[in-house]
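K.L.:
Turn this into a structure:
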Amino acid sequence: MANDFGFYGMQTYELPRRFDSPGPPHSWSNNGDAYLQISSTEHPHFLIDTSKYHDILKHMYIHRAQKLPAAGTETFFLWGPRQTGKSTLLRHTFGQAVWIDLLKAEEYRRYLQQPELLRQELTDEDRERQIVVDEIQKVPALLDEVHWLFENRGFQFALCGSSARKVKRGAANLLGGRAVRYELHGLVASELKSDFELDRMLNHGYLPRIYASSRPRQLLDSYVADYLKEEVAAEGLVRNLPVFSEFLNIASFSDTELVNFSTIARECGVSSHTVKSYFGILEDTLLGRWLPAYRKRPKRRVIGAPKFYFADVGLVNRLARRGTLQPGSELFGKALENWIFHELVAYNAYTDADAIISYWRLPSGIEVDFIINDMQLAIEAKSSTRITNDHLKGLRNVARDHSEVKRRLVVCLEKKARRTDDGIEILPVSTFVKSLSQGELF
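P.N.:
Reported below is the predicted structural model:
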C-alpha cells in the first residue's frame, strides 16, 4: 500500500487535460491553472496546487490501490467512472507510453475517419512501450486495429474508458477475451490512510477532486452536466435527454434500495421498460451497479429482487438534494451503507478476490446489508454510536436460517471494537477499514 502522506493546504488529484505528456523526472509545469510536480520514482506520486480555487486545498500524495502491469507486458482494459483518475494512473504507471487521447478533437477525427492510421503510425521502436488509448469507447473501430497489432506485431495496449456500452452495442471487437479487465473506482479509505475523514467522504463522495474540495456542490453539478453531455447525449444513448435528466434525480432516491420501476416510470412520464433501460445506461456507464439477493437454501421466503447502488455517494447527495449529512441521521446511515459497498467492491476488484457480494432480506423487512460469498461473512452498516439489540435483528435472523454463517459484524460509529455474547463483532469504521485492507475479512 501507499506510504504515509500529509495534507498541507492544497487541493486536487486529477491532472488537467492539457498536460499531454508526463515530462522529465521531477519536472514543474505551469499552464495558468495549476502547478504540477511529478516524481518518476519507483512509486510515482504527484501534487497539484490549485489554491486559487479557494478550496480546502491539499497536497495529495496518493498511491492508488489498483496496480497495473509493467509496461510492454500485457494488454488490458481499464474501466471506471468519469474523474476517478484513470488517465492520471496510466500516465504515472507508463511514463514513456505512446499516448492517444481521443478527447482531443483532432485525434478523434483522425482515427474515426481512418482507424488504420494506428497500424501505420506505430513503429518497431514503440513495441517496448505501452500504447495507451484514452476514451477508447469513442472510436470502437480502433479495437480491430488493436487486435491485429497485438496478434501480429506484439504491441501491448492499455485501453481506457468510462463506458463499454457503445463498444458492446456496436459489436466492436473486444479482443476475443485476450485483454485483462481492470477497474478503477473512486478513492477508498486505505488510499487516504490517516487523512481519511468519514464525514467528508460521505458528504463529498469518492471522486478525488471533489473529495478534496470545499465546494463540492458546484463540482458535482458540473459532473452531472458533463455526464449528460459527454456520456449520454454525445453517444446517443437516449432520445429524450430532459427526461433522462429527471430520471437521474428520481433514481437517486433509490440508492441502496429495492427499485420500483413502475413508481419511477410514473414520476418520469415514461414506461417501465424505458426506466429499466435507463438503469442499464447507469450500469454500462459505470455510475451504478446492482446488488443481487442471496437466495441459497432459504428456510423462509426471502426477497429475490436486486438493490441498486450509485458508484458515488456525493453524486447521490447532490441529485437527491440531501444537504449536509449529519452523523446519526437516516440519510447518513444510507450514505454509510453506500460507502461500505464501495469499499467492498473496490477491494474485491483491486485484490482479485473474486468474491460474490449479495444481500439477504425477509419479506418483513429484516435484512443483512451484505453477504460475502456463501455465508462467509455477513455485514450490517449502522450509523449509530451505540449498537443495541434492535440493530442486530438482521444478523441474528440470518444465523437462524443459515447456521453455517462464519462471521457476523456491524460497521458503526462506536469508538471501540467489541463482541456480543452470541459472537457478533461490533467494529468501528477505522477497524473495518484496517481489517478489509489487510485481507482479514475475505
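
K.L.:
neighbours around Arg300, how many?
P.N.:
Residues lying near Arg300 (other CB atoms under 10 Å) number 11. Where C-beta positions appear, they are placed from N, C-alpha and C, glycine not excepted.

K.L.:
I'd like the average pLDDT over stretch 417-433.
P.N.:
Across stretch 417-433, pLDDT averages out at 98.

K.L.:
Centre of the chain to that stretch, how far?
P.N.:
The chain centroid and the centroid of stretch 417-433 are separated by 26 Å under CA atoms, centre = their mean, to the nearest Å.

K.L.:
How far does that stretch stretch from one end to the other?
P.N.:
13 Å (CA to CA, to the nearest Å).

K.L.:
again, but for stretch 308-322
P.N.:
Start-to-end, stretch 308-322 (CA to CA) is 18 Å.

K.L.:
Which positions within that stretch qualify as buried?
P.N.:
For stretch 308-322, a neighbour-count test (16 or more other CB atoms under 10 Å) marks 308-320, 322 as buried.

K.L.:
so which helix or strand takes in Ile100?
P.N.:
Per DSSP states H and E: Ile100 is located in strand 98-101.

K.L.:
Chain neighbours aside, what residue packs nearest to Glu128?
P.N.:
Gly72 (5.0 Å; CB to CB, 6 or more residues apart in numbering).

K.L.:
In three-state terms, label that neighbour for me.
P.N.:
coil (DSSP: H, G, I helix; E, B strand; the rest coil).

K.L.:
can you check Ala346 too?
P.N.:
Secondary structure assignment for Ala346 (three-state DSSP): helix.

K.L.:
per-residue pLDDT, it?
P.N.:
Note for Ala346: predicted pLDDT of 98.

K.L.:
Please give me every residue in contact with it.
P.N.:
Ala346 is in contact with 65, 185-186, 188, counting by CB atoms under 8 Å, 6 or more residues apart in numbering.

K.L.:
Out of those, flag the one nearest to Gly304.
P.N.:
His185 (27.0 Å; CB to CB).

K.L.:
wait, doesn't that closest one sit right on Gly80?
P.N.:
Yes - with contact defined as CB atoms under 8 Å, His185 reaches Gly80; the gap is 6.4 Å.

K.L.:
Model confidence score at the residue nearest to Glu128, please.
P.N.:
Reported pLDDT for Gly72: 93.

K.L.:
do Ala353 as well
P.N.:
97.

K.L.:
tally of neighbours for the nearest residue to it once chain neighbours are set aside?
P.N.:
Counting by CB to CB, 6+ apart, Ala353 lies nearest to Phe442, which is 6.1 Å off, once chain neighbours are set aside. Residue neighbour count, defined by other CB under 10 Å, stands at 18 for Phe442.

K.L.:
cool, Ser277 as well?
P.N.:
By other CB under 10 Å, 14 other residues sit near Ser277.

K.L.:
The helix or strand hosting it: what's the following helix or strand?
P.N.:
Assigned by DSSP H and E, Ser277 belongs to helix 272-284. Following helix 272-284 in sequence order, the next helix or strand is strand 288-291 (DSSP H and E).

K.L.:
Need the nearest residue in space to Arg217, chain neighbours excluded.
P.N.:
Nearest to Arg217 is Arg318, by CB to CB, 6+ apart, at 6.3 Å.

K.L.:
Quick check, the one you found in contact with Gln218.
P.N.:
No - using CB under 8 Å, Arg318 is not in contact with Gln218; the gap is 9.8 Å.

K.L.:
Now do the buried residues in the helix or strand where Phe247 lies.
P.N.:
Secondary structure from DSSP H and E places Phe247 in helix 241-251. Neighbour-count burial for helix 241-251 flags 244-248, 250-251 (criterion: 16+ other CB under 10 Å).

K.L.:
got it, and stretch 382-395?
P.N.:
Quick answer for stretch 382-395 (16+ other CB under 10 Å): 382-384, 387, 391-395.

K.L.:
In this structure, where is pLDDT below threshold?
P.N.:
Low-confidence segments of the chain, defined by pLDDT under 70: 1-62, 166, 168-174, 176-177.
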